[in-house]
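Enquirer: sequence isn't available, so here's the structure alone:
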């Protein structure tokens, strides 16, 4: 669907393409996995964006499969299926999952970690512990926020499953977990802990007592609003002549209840606790992997009576809600009256600037420098696939060799809608051969009545080019 209605990738997915062009053990905002998988998607798609969207949905699909597999080990299969269908009503698993970013990737990885952790505790064989360690490590190498899942798992082990510490298989899993993170840890030491510093700055806020209250409350409200459509779907299971709930409820053993409480609600409450103690800012999108077991917990807690009419009514409401969400999303993009990443003319900008470069210098475009969004669009949609020099900052673009950039030349761009960009005056001091800049205007896709997008462009000619002289 997004491939059909979007003209440009979402910001986070586009950022992944920038990172993926230069494979490393870490990047300025995240560890390595997001960038690596995005590059694989780009390679598989022939530099088209449809596989990137596909990867997003694969992550959602893996999450649903894991919830189904875990659920049917705890409740009857029909309830496990309903738990998955209820999640489809949550925006994090439909519209919000279009952007292939760290949060979307966590959907699949957290669910795999939880499923194999459950199997490891139940079966106790080395294979289950190894997979638990692998997926837990990959979760951390996607986003450090995954620690809020791993800590409740550890607490569950200490309080309820201490016998696991006596099993050799547990230490195989722990070993692979640590081993897979070592390259990134070494990378952090070599790059001044840039990813950790970004994470700390991301949650920083003014030191006021009110932040310790409003951030946890705001985050709680955002997550319950996100989960509200699932409650609407759930209500369809309560309509009918039969009693709404099964009494007495089918027995769910204490181990399963405790497990679901620790890993299903533990990360959410730990997030709130951290914010309450430190006053750190919370982002709504962090809740994306937190809700995966909420529908299963809801069904176990209330255990509605499922009859054929109720099930068919539920499916009808499910189809209506899902269809309305799809229609609303597409309609909002098609009739957008305000600038939107979906209608950004990135392909046109990339095509025009690449053509201008070829006409001037008769050589491939190897580099583009500027803000992430604009430069990233040019790099991804240009047929030359140049590397991006983010904000002319070597610290966040360690893959850039400035000597090679000066030798091969580059396109420099500025987006006047973004604050805090490096000024042209500062850039010219570093690159005195930069040619005179020019202002270009590009019409937004679909709505041609919107104010055109303005780009400031300057060319840095290749060092061996004698046809152009510096201004």
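Expert: Yes, it's here. This is a predicted model, so every value here is computed, not measured.

Enquirer: all strands for the stretch 301-450 of the chain, in order.
Expert: With DSSP state E, counting those that start in this stretch as the criterion, the stretch 301-450 of the chain has strands at 367-370, 387-390, 410-415, 438-442.

Enquirer: right, so of those, which gets closest to residue 12?
Expert: strand 387-390 (14.3 Å; CB to CB). In this view, the C-beta of every residue, glycine as well, is placed from N, C-alpha and C.

Enquirer: nearest residue to the middle of the protein?
Expert: residue 101 (2.3 Å; CA atoms, centre = their mean).

Enquirer: quick one: which helix or strand includes the closest residue to residue 252 other than its chain neighbours?
Expert: Of all residues not flanking residue 252 in the chain, residue 300 sits nearest, at 5.6 Å (CB to CB, 6 or more residues apart in numbering). Assessed by DSSP states H and E, residue 300 sits inside helix 294-302.

Enquirer: quick check: mean pLDDT of that helix?
Expert: Mean pLDDT, helix 294-302: 94.

Enquirer: next one: it to chain centre, how far?
Expert: Relative to its parent chain, helix 294-302 has a centroid offset of 26 Å by CA atoms, centre = their mean, to the nearest Å.

Enquirer: likewise for stretch 347-362?
Expert: With CA atoms, centre = their mean, you get 31 Å for stretch 347-362.

Enquirer: next, the buried residues of that stretch.
Expert: Buried residues in stretch 347-362, counted by 16 or more other CB atoms under 10 Å: 347, 348, 349, 350, 352, 353, 354, 356, 357, 360, 361.

Enquirer: I figured the last one was touching residue 464, is that so?
Expert: Read it as residue 361. No. Under the criterion of CB atoms under 8 Å, residue 361 is not in contact with residue 464, lying 9.8 Å apart.

Enquirer: common neighbours of those two, please.
Expert: With contacts taken as CB atoms under 8 Å, 6 or more residues apart in numbering, not a single residue reaches both residue 361 and residue 464.

Enquirer: what lines up beside the top strand by length along the chain in the sheet?
Expert: When the chain is parsed with DSSP state E, its longest strand is strand 453-460. Strand 453-460 has the following sheet partners, assigned by DSSP bridges: strand 410-415 (antiparallel), strand 438-442 (antiparallel).

Enquirer: comparing these by mean pLDDT, which bottoms out?
Expert: Of all these, strand 438-442 has the smallest average pLDDT, which comes to a mean of 92.

Enquirer: go through that strand and flag the buried ones.
Expert: Result for strand 438-442 [16+ other CB under 10 Å]: buried residues residue 440.

Enquirer: just to revisit the earlier point, check which residues of the longest strand of the chain are buried.
Expert: In strand 453-460, counting by 16+ other CB under 10 Å, buried: 453, 455, 456, 457, 458, 459, 460.

Enquirer: could you dump those residues to a markdown table with distance to residue 122 and pLDDT?
Expert: Below are the buried residues of strand 453-460 laid out as a markdown table (distance: CB to CB, whole Å; pLDDT from 0 to 100):
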| residue | distance to residue 122 | pLDDT |
| --- | --- | --- |
| 453 | 55 | 91 |
| 455 | 57 | 93 |
| 456 | 60 | 94 |
| 457 | 60 | 96 |
| 458 | 62 | 95 |
| 459 | 63 | 96 |
| 460 | 60 | 96 |
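
Enquirer: nearest to residue 276 among those residues?
Expert: Nearest to residue 276 among these, with distances taken as CB to CB, is residue 453, at 41.9 Å.

Enquirer: quick revisit: which elements pack onto the helix holding residue 300?
Expert: helix 50-71, helix 77-88, helix 211-235, helix 254-260 (3 or more CB pairs under 8 Å, 6 or more residues apart in numbering; DSSP states H and E).

Enquirer: tell me what angle the longest one forms with helix 294-302.
Expert: So that's helix 211-235. 70 degrees (axes from the mean of the first three to the mean of the last three CA atoms, to 10 degrees).

Enquirer: can you check what angle separates helix 211-235 from helix 77-88?
Expert: 130 degrees.

Enquirer: list the contacts of helix 211-235.
Expert: 85-87, 89-92, 205, 268, 271-272, 275-282, 284, 286-287, 290-291, 294-295, 298, 304, 314, 317-318, 321.

Enquirer: mind listing what's buried in that helix?
Expert: Neighbour-count burial for helix 211-235, with 16+ other CB under 10 Å as criterion, is recorded at 211-212, 214-216, 219-220, 222-223, 226-227, 229-230, 233-234.

Enquirer: mean confidence (pLDDT) on it, please.
Expert: Rounded mean pLDDT across helix 211-235 is 94.

Enquirer: what do you get for the last one?
Expert: Looking at helix 254-260 alone, the average pLDDT works out to 95.

Enquirer: quick one, domains of this structure?
Expert: 2-332, 341-460 (automatic domain parsing).

Enquirer: now the helices for the stretch 1-150 of the chain?
Expert: 2-5, 11-20, 33-44, 50-71, 77-88, 102-123, 126-140, 147-160 (DSSP state H, counting those that start in this stretch).

Enquirer: looking at these, which is nearest to residue 310?
Expert: helix 77-88 (10.4 Å).

Enquirer: hmm, who's touching the closest one?
Expert: 63-64, 67-68, 70-72, 74-75, 93-94, 230, 233-234, 237, 291-292, 295-296, 298-300, 303, 306, 311, 314, 318, 322.

Enquirer: just to revisit the earlier point, in CSV, list the strands paired with strand 453-460 along with distance to residue 387.
Expert: Formatted as CSV, these follow (distance: least, CB to CB, whole Å):
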stretch, distance to residue 387
strand 410-415, 9
strand 438-442, 22
